[in-house]
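In: Provided below are the primary sequence and the corresponding predicted coordinates.
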Amino acid sequence: MANAAIKADVEVQDESQGLEAIQKQVLELKAQLDSLSKNVAEDKLSMIVFSGDLDKVLASFIIATGATAMGMDVVMFFTFWGTPVLRDKGKSVGGKDMMGKMFGTMLPKGVDGMKLSKMNMGGMGTSMMKSLMKKKNVASMEQLIEMAGELGVRVFICEMSMDLMGLKREEMIDYPNLTYCGVAKFLEEAQNSKVQLFI
Amino acid sequence: MANAAIKADVEVQDESQGLEAIQKQVLELKAQLDSLSKNVAEDKLSMIVFSGDLDKVLASFIIATGATAMGMDVVMFFTFWGTPVLRDKGKSVGGKDMMGKMFGTMLPKGVDGMKLSKMNMGGMGTSMMKSLMKKKNVASMEQLIEMAGELGVRVFICEMSMDLMGLKREEMIDYPNLTYCGVAKFLEEAQNSKVQLFI
Amino acid sequence: MANAAIKADVEVQDESQGLEAIQKQVLELKAQLDSLSKNVAEDKLSMIVFSGDLDKVLASFIIATGATAMGMDVVMFFTFWGTPVLRDKGKSVGGKDMMGKMFGTMLPKGVDGMKLSKMNMGGMGTSMMKSLMKKKNVASMEQLIEMAGELGVRVFICEMSMDLMGLKREEMIDYPNLTYCGVAKFLEEAQNSKVQLFI
């Protein structure tokens, strides 16, 4: 029996080493999995709204509200022509320089000033589209923005665009989830988003 | 020898517990890995074709057919100005209301009605581009759409756009893989796609 | 003691089998994890620059340089109207056919020829924007392209667009990381990129 017991003892030692080796492999796998997890995108949609055209901004909000309804986290980054869309037509600010005044006059003041990218026909196409949307029960831009706010869509506004166009924070719309930031902040969000769109 | 045997027995118990603990860790890793797998995108390309411009729709089909040739699954979601591009010029439908008739006349009827987004020059630029494409052996829009159908590119058409523009299903092209749907259906596809583009 | 020793011997055998089973599971997990890793996107941004408008190309380079500053790998694929933007105004080539000459004259020759997509107003809007950018310390297109080159942004130029527009390689800008390629090469990069944009 002495031999058997010795054999058992030896095997137990082997097992012990086997266990240690496997434990090591498992820990390595765990580390690898954790690092991979950090690289897998979240259920998030990030959009750059570069355009200020009625049709494109409309599309961006339909996508945004649709995505939140599906449980996705949504971030919209308004830049360039998209920026003045978020002006509040009821607010006006003074103290602008000449360029700021010029841009202030030429750029659409909020959603009412937006036009179709095609078939605007001196405003007739745009009016026609708006009345059609009403008739077909498509939510208006004002309703979509309000809905987006309630659904938790986060809105980022590009600081460089604000500066270039001479826009001031006091003239922008009231929105529950509004942040002024640069492109780096947007890219951070886009990096771990499942879906990214440039509109 | 009794001591050795007892020691072996005790160690075997330790090993036993060690094994159980590792087995538990392995099962946890497995669960974590399975849940991560569900969040990793498939080899799929999802495109929103918002534009109805010849150059952009052309680009979208060149990308689509190129991607299928690489083995990717491809979904194209036609919305807004992209929708009338898929009308069949050989089909006509009646029973449209005034708005529907107006849109029907003003919107391009299928691929022949498309124009370049730039340098259209009253149609001259568009004609020039088409003859150039022929000369340089670039596939025409008709050929590209047929190729896409054969390669299994799935085409989604936005129901809201159809409704807004007064388009009827009977006037759309025959395509092997055509679905009418809303933005939610597209987002479902985009969510697990490696690549998404808004064109 | 004989019984105990035999019992230990038997349990050691069980353990041995248990170990083997776990080892097998661990190897399966490892294989699964390795294959998943290949499907997880890299920290890379891929952009298709389709537009040749000053504002959009500007945005694409601001995004590109911003992303490299964050440590991302960046690829820009210039196609269609984006292609002539990369012509070098100081270089001229002969031996073009009539179409090539026409396109050569009509397309913007490099960054100086670009216009705003909106509010160009016969060039006045574009000049205004450029002077504003200077005043607000926003980098010019020339500076952004140089910066992108230094930061390692890789530029791809679409061969089909070069061919269609009759552009020759000798008239394109000097750029440290320039490749002429087709859409398949771009899609390869996009496939394992965290972020993709069509601009």
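Out: On my side now, so go ahead.
In: any idea of the pLDDT on A:V12?
Out: Looking at A:V12, its pLDDT reads 54.
In: whoops, A:N39 was the one
Out: A:N39 carries a pLDDT value of 85.
In: what count of nearby residues applies to the nearest residue to it once chain neighbours are set aside?
Out: Distances taken as Cβ to Cβ, 6 or more residues apart in numbering or on different chains place C:V40 nearest to A:N39, at 5.1 Å, with adjacent residues excluded. All C-beta spots, glycine's among them, are computed from the backbone N, C-alpha and C. As a burial measure, C:V40 scores 18 neighbours (other Cβ atoms under 10 Å in any protein chain shown).
In: contacting residues around C:V40?
Out: When contacts are counted by Cβ atoms under 8 Å, 6 or more residues apart in numbering or on different chains, C:V40 is found next to A:36, A:39-40, B:40.
In: contacts only, for A:E142.
Out: Taking Cβ under 8 Å, 6+ apart, we find A:E142 in contact with A:V111.
In: what's the helix or strand for it?
Out: Secondary structure from DSSP states H and E places A:E142 in helix A:141-151.
In: just the ones of the contacts of C:V40 in helices?
Out: Among the contacts of C:V40, the ones falling in helices (DSSP state H) are A:36, A:39.
In: let's have the contacts of C:V40 in CSV, adding distance to A:K115.
Out: Below are those laid out as CSV (distance: Cβ to Cβ, whole Å):
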residue, distance to A:K115
A:L36, 46
A:N39, 42
A:V40, 41
B:V40, 41
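In: closest to B:A184 among the contacts of C:V40?
Out: Nearest to B:A184 among those is B:V40, at 21.7 Å by Cβ to Cβ.
In: how far does the top strand by length along chain A sit from its chain's centre?
Out: The longest strand of chain A (DSSP state E) is strand A:42-49. Remark: strand A:42-49 is offset 4 Å from the chain centroid, using Cα atoms, centre = their mean, to the nearest Å.
In: for chain A, just list every one of the strands.
Out: A:42-49, A:73-78, A:154-158, A:178-181, A:193-198.
In: so which of those strands comes closest to B:L29?
Out: If we rank the strands of chain A by Cβ to Cβ, the stretch that ends up nearest is strand A:42-49, at 21.1 Å.
In: spatially central residue for chain A, please.
Out: Residue closest to the average C-alpha location in chain A (Cα atoms, centre = their mean): A:V75, at 1.9 Å.
In: contacts only, for that residue.
Out: Contact analysis of A:V75 by Cβ under 8 Å, 6+ apart lists A:44-47, A:153-154, A:156, A:186, A:189, A:193.
In: got any ranges where chain A has weak pLDDT?
Out: In the predicted model, chain A carries pLDDT under 70 at residues A:1-16.
In: mind checking how far A:M162 is from A:T79?
Out: Separation of A:M162 from A:T79 (Cβ to Cβ, to the nearest Å): 10 Å.
In: between the two, which one's more packed in?
Out: Applying other Cβ under 10 Å to A:M162 and A:T79 shows that A:T79 carries more neighbours, namely 26 against 20.
In: bridging residues for the nearest residue to the more buried one once chain neighbours are set aside?
Out: Leaving aside its chain neighbours, A:T79 sits nearest to A:C158 (3.7 Å; criterion: Cβ to Cβ, 6+ apart). Here A:C158 sits in beta bridges with A:C181, going by DSSP bridges.
In: distance check, A:C158 against A:G166.
Out: Going from A:C158 to A:G166 by Cβ to Cβ gives 14 Å.
In: between those two, which one's more packed in?
Out: Set A:C158 next to A:G166 and count neighbours by other Cβ under 10 Å: A:C158 wins out with 26 against 19.
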